[in-house]
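1. Provided below are the primary sequence and the corresponding predicted coordinates.
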Amino acid sequence: MIIHCSKDFTKRYKCRMSLAAPTVSPPSRIDSWSAHIFKRGPAPVVIFMHDASLWALIIPATGITRLEQLLPLFLSRVQEVWRRHGASFDPRNQSILFLPRKARSLIGSMNDAIQNIKLMADIGRAVDHPVHWVKLEDSIQNTPFSAIDYDSPERRLKAILGG
């Protein structure tokens, strides 16, 4: 598995880059993800985005300060999503390479998703509703992105996994 890390993610979780000048991981790889951390108010939130489908996993990261705490959460979420789409994924049998993020279209798609998440959370807060991360995540999965020809992550991942 490959995780393309933003500078903020790398700094927070002290990731060591696996390769200095990566030449691997075209966006179509099924095992390639991008990771970033952002603030939602004072609370840190991690977003992982599947590079081929733009499927987003949102993990509230308050109290999660070490990579050893975060990775099992991420891998179990991947397993859950794969299972939901009729595919298998073994979270205990993964080797992970950490690489810097380079693909501009993927960075732009992740930034779009983050802006949508913040907007939806702000709207919820304005009407005094708590943040429902699962609902926010579901909304992102059905949002069309230009990087995948205005398809949604839900449809794209379903096609990739054959579910």
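-> Thanks, I have the structure now.
2. mind checking which helix or strand residue 82 is in?
-> Residue 82 belongs to helix 67-84 when assigned by DSSP states H and E.
3. what do you get for residue 15?
-> Residue 15 belongs to no helix or strand, assigned by DSSP H and E.
4. I'd say it and residue 67 touch.
-> Yes: between residue 15 and residue 67 there is a contact under Cβ atoms under 8 Å: 6.5 Å. C-beta here means a position set from N, CA and C on the backbone, and glycine is covered the same way.
5. host element of the most centrally placed residue in the chain?
-> Nearest to the mean C-alpha position of the chain, by Cα atoms, centre = their mean, lies residue 48 at 1.5 Å. Using DSSP H and E, residue 48 maps to strand 43-50.
6. got the angle for that strand vs helix 67-84?
-> Going by axes from the mean of the first three to the mean of the last three Cα atoms, to 10 degrees, strand 43-50 is angled at 50 degrees with respect to helix 67-84.
7. buried sites along stretch 71-84?
-> 71, 73, 74, 75, 77, 78, 79, 81, 82 (16 or more other Cβ atoms under 10 Å).
8. then the helix-or-strand element of the chain with minimal mean pLDDT to CSV, C-alphas only?
-> Sorted by mean pLDDT, DSSP states H and E, the helices and strands of the chain end with helix 104-126, the least confident at a mean of 87. Extracted C-alpha coordinates of helix 104-126, given in CSV (Å, rounded to 0.1, in the frame of the first residue of the first chain):
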residue,chain,number,x,y,z
ARG,A,104,-1.9,18.2,-8.5
SER,A,105,-5.3,17.0,-9.5
LEU,A,106,-5.5,14.7,-6.5
ILE,A,107,-4.4,17.5,-4.2
GLY,A,108,-7.1,19.7,-5.7
SER,A,109,-9.7,17.1,-5.3
MET,A,110,-8.8,16.6,-1.7
ASN,A,111,-8.9,20.3,-1.1
ASP,A,112,-12.4,20.4,-2.7
ALA,A,113,-13.5,17.6,-0.4
ILE,A,114,-12.1,19.4,2.7
GLN,A,115,-13.9,22.6,1.7
ASN,A,116,-17.1,20.7,1.4
ILE,A,117,-16.6,19.0,4.7
LYS,A,118,-15.9,22.3,6.5
LEU,A,119,-18.9,24.0,4.8
MET,A,120,-21.3,21.1,5.7
ALA,A,121,-19.9,21.1,9.3
ASP,A,122,-20.4,24.9,9.6
ILE,A,123,-24.0,24.6,8.3
GLY,A,124,-24.7,21.9,10.9
ARG,A,125,-23.1,24.0,13.7
ALA,A,126,-25.2,27.0,12.6
